[in-house]
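**Q** Quick one: sequence and predicted model below, then my questions.
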Amino acid sequence: MRRLAWLAALVVALIALVIGTTDRSNPSAAERVDHIAATVRCPACRGESARDSNAPAAANVRAEIARRVRAGQSDDQIRDALVAAYGDSILLTPPRSGWGGLVWVLPVMALVCGLAGVAFAFRRWRVEAA
């Protein structure tokens, strides 16, 4: 009986996880523009997204995004066009390949090296204590 309860809880958790992680809605054009503008930097501002900025340059970027959404371009095509026009610095998240990929890899490597160092130190202390 106890196993059946655990199995039922696991099934419910898995179903909730699947439902929670799937996006079944089709965003409107305005929602797509807002989402894409949140992922690109305002060309005139420092560290502010094109969605959040009130600068004229950000308004131009939002208008360009809206024009491309109406033209039927995908989100990646729109970001690629903005990168072609403004350079890689327009993206708020660095690319996952090339030199930009180091931003994603280095923190993980530092964490692994730190954990390995702690494990080595604990092992050495245990051997010295014995």
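**A** Cool, got the structure.
**Q** Kindly state the domain boundaries assigned to the chain.
**A** Domain assignment for the chain by automatic domain parsing gives 27-93, 94-130.
**Q** mean confidence score for the last one?
**A** For domain 94-130, the mean pLDDT works out to 80.
**Q** ok, the most centrally placed residue in the chain - contacts?
**A** Geometric centre of the chain, nearest residue: residue 93, 6.9 Å, by Cα atoms, centre = their mean. Going by Cβ atoms under 8 Å, 6 or more residues apart in numbering, residue 93 touches residue 39. C-betas here are computed from N, CA, C, even on glycine.
**Q** Over to residue 89?
**A** Residue 89 neighbours (Cβ under 8 Å, 6+ apart): residue 41.
**Q** Show me what counts as buried in stretch 46-56.
**A** Going by neighbour count (16 or more other Cβ atoms under 10 Å), the buried part of stretch 46-56 is 49, 50, 51, 53.
**Q** ok but the residue nearest to the centre of the chain is inside a strand, no?
**A** No: looking at residue 93 with DSSP: H, G, I helix; E, B strand; the rest coil, it is coil, so not inside a strand.
**Q** any idea which of the domains of the chain is most buried?
**A** domain 27-93 (a mean of 15; mean count of other Cβ atoms under 10 Å).
**Q** end-to-end on it?
**A** 22 Å (Cα to Cα, to the nearest Å).
**Q** quick one: that domain to chain centroid distance?
**A** 16 Å (Cα atoms, centre = their mean, to the nearest Å).
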